[in-house]
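1. Provided below are the primary sequence and the corresponding predicted coordinates.
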Amino acid sequence: MDLLRSLPIGLYLEQPVTWLHRLDSRVKLAWLMTFLIAPILANPIWRLMLVGMLIVLTLTAAIPFRVWKQQMGLLLLFCVLVFCLSAIAPDALPSEHQPRLPADELTFSQQPATLPEPAPKKSWYNPFNLGSNSQTKNPKSPIPKSLPQPTKYSYVLFKQGPIKITRKSLDLAINVSTLFFTVIYSTNLYLLTTASEEITSAIENLMQPLRRLNWPVTEIALTLTLSLRFIPLVLEEIQNLVRSVSTRAINWKKLGFRRAAQVWLMIAERLLQNLLLRAEQIASAMKVRGFTSPDRHRVEWHQLHFKIRDWIAIGCLLVLWSARLVWGWDS
């Protein structure tokens, strides 16, 4: 199944078994939620720190270079491109907008065309010259073009021709690029080190309090397990159809748009028929094995219990959230 092995994201790494594989799936799910929620309203330093933590976790887990290069290479390139485009883009500062027409056109049209001249001030109006500037201004004194700045603060960090980088555009570039990397790579790293059965077991275990509300927790976990197991079958059917079309050496240029669309419609119909047949085969296999309901015919894939390394990971998670709530807010 070459298509499954060539996917850039979403693959499960069976060998080698790293320390991330040995962690409890519930702990890894809590860390995943942390990486997804912590960037919200966080300052750029914390966002960069989360990116560094993900890279350090990948390196310390001794994941093979060929794996994380395929998983991280395109993502890093995409995030760098987003960073560059956001940094040189306008910072979108709000500008003052003045309406072209007055708010009350009727009142404005009834006003006189010329304003009356102000009445001349009387000599007794201000006999002691109070409130006036005693120093006479020299209208011929030159006005300086630029005043010296009291501090080294500069809103524009870089300007060369049409390229201008400001403080706000730089913050926006860091926020957007790090958010893309954190959300995508943290999810990918979780899928890389956690089997599908462990994911469903962790979700089912965490959803146990919902049983009191008469939620079908076991049925939801079973549906999620079957859907995760059905994804490789879908990719396998797509690969078989692509190979069958390529072996027939169809000349798409001679077919034209209409006939080529008809061929692809037939391929999509065949794909749907094969997937429905696979689903029927899975249902028949479950019936033959006496599967009546998830509660009566349960298969425990993994025994979930915390070990020392899991408690250490939970302690580090609490320390991270404590620091995030104290110092990580965006000012």
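-> Right, received. Where do you want to start?

2. Could I get the buried residue list for stretch 24-37?
-> For stretch 24-37, a neighbour-count test (16 or more other Cβ atoms under 10 Å) marks 24, 25, 26, 27, 28, 29, 31, 32, 34, 35 as buried. Just so you know, the C-beta spots here come from the backbone N, C-alpha and C atoms, and that holds for glycine as well.

3. now stretch 179-194
-> By 16+ other Cβ under 10 Å, the buried positions in stretch 179-194 come out as 179, 181-182, 184-186, 188-194.

4. Check the offset of it from the chain's centre.
-> The chain centre lies 10 Å from the centre of stretch 179-194; the measure is Cα atoms, centre = their mean, to the nearest Å.

5. Only C-alpha atoms, please: export that stretch in PDB.
-> The C-alpha coordinates for stretch 179-194 follow below in PDB (Å, rounded to 0.1, in the frame of the first residue of the first chain):
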ATOM      1  CA  LEU A 179      -0.300  29.000  15.500                       C
ATOM      2  CA  PHE A 180      -0.300  27.000  12.200                       C
ATOM      3  CA  PHE A 181       2.800  25.000  13.300                       C
ATOM      4  CA  THR A 182       1.500  24.300  16.900                       C
ATOM      5  CA  VAL A 183      -2.000  23.200  15.900                       C
ATOM      6  CA  ILE A 184      -0.900  21.000  12.900                       C
ATOM      7  CA  TYR A 185       2.300  19.500  14.300                       C
ATOM      8  CA  SER A 186       1.000  18.800  17.800                       C
ATOM      9  CA  THR A 187      -1.900  16.800  16.300                       C
ATOM     10  CA  ASN A 188       0.500  15.000  13.900                       C
ATOM     11  CA  LEU A 189       2.900  14.100  16.700                       C
ATOM     12  CA  TYR A 190       0.000  12.700  18.700                       C
ATOM     13  CA  LEU A 191      -1.100  10.500  15.800                       C
ATOM     14  CA  LEU A 192       2.500   9.500  15.100                       C
ATOM     15  CA  THR A 193       3.000   8.000  18.600                       C
ATOM     16  CA  THR A 194      -0.600   6.800  19.500                       C
END
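
6. The buried residues of stretch 179-194 in helices, which ones?
-> Judged by DSSP state H, helices contain the following of these: 179, 181, 182, 184, 185, 186, 188, 189, 190, 191, 192, 193.

7. who's in contact with the second one?
-> Yep, that's residue 181 we're talking about. By Cβ atoms under 8 Å, 6 or more residues apart in numbering, residue 181 lies in contact with 51, 54, 75, 76, 79.

8. Could you rerun that using 10 Å?
-> Contacts for residue 181 (Cβ atoms under 10 Å, 6 or more residues apart in numbering) come out as 39, 47, 50-51, 54-55, 72, 75-76, 78-80, 82-83.

9. starting at the chain centroid, how far to stretch 322-331?
-> 20 Å.

10. Need the distance between the two termini of that stretch.
-> The straight-line separation of the ends of stretch 322-331 (Cα to Cα, to the nearest Å) is 18 Å.

11. Contacts made by that stretch with the rest, please.
-> By Cβ under 10 Å, 6+ apart, the residues outside stretch 322-331 that reach it are 34, 37-47, 49-50, 171, 175, 320-321.

12. Can you give me the buried ones in that stretch?
-> Neighbour-count burial for stretch 322-331 flags 324, 328 (criterion: 16+ other Cβ under 10 Å).

13. quick one: average pLDDT of it?
-> Mean pLDDT, computed over stretch 322-331, is 86.

14. quick one: low-confidence ranges for the stretch 201-331 of the chain?
-> 292, 294-302 (pLDDT under 70).

15. Residue 35 sits in which helix or strand?
-> Element membership for residue 35 (DSSP states H and E) is helix 25-37.

16. Likewise for residue 201?
-> Residue 201 belongs to helix 196-206 when assigned by DSSP H and E.

17. Not counting that helix itself, show me its contacts.
-> 12, 21, 23-30, 190-191, 194-195, 217-218, 220-229, 231-232, 294, 299-304.

18. Tell me where the model's unsure across the stretch 1-150 of the chain.
-> 1-10, 92-98, 101-113, 115-116, 119, 121-147, 149.

19. And the helices in it?
-> 2-5, 19-22, 25-37, 44-60, 65-88, 105-109 (DSSP state H, counting those that start in this stretch).

20. about what we covered before: just send the buried residues of stretch 179-194 back as TSV, with pLDDT and distance to residue 314 too.
-> Listed next are those as TSV, based on pLDDT from 0 to 100; distance: Cβ to Cβ, whole Å:
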residue	pLDDT	distance to residue 314
179	93	25
181	93	25
182	94	21
184	91	25
185	90	22
186	92	17
188	88	23
189	89	18
190	90	16
191	86	21
192	87	21
193	89	17
194	88	17
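
21. Including distance to residue 309, could those residues go into CSV?
-> CSV is the format used below for the buried residues of stretch 179-194 (distance: Cβ to Cβ, whole Å):
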residue, distance to residue 309
179, 29
181, 26
182, 24
184, 26
185, 22
186, 19
188, 22
189, 17
190, 17
191, 20
192, 18
193, 13
194, 15
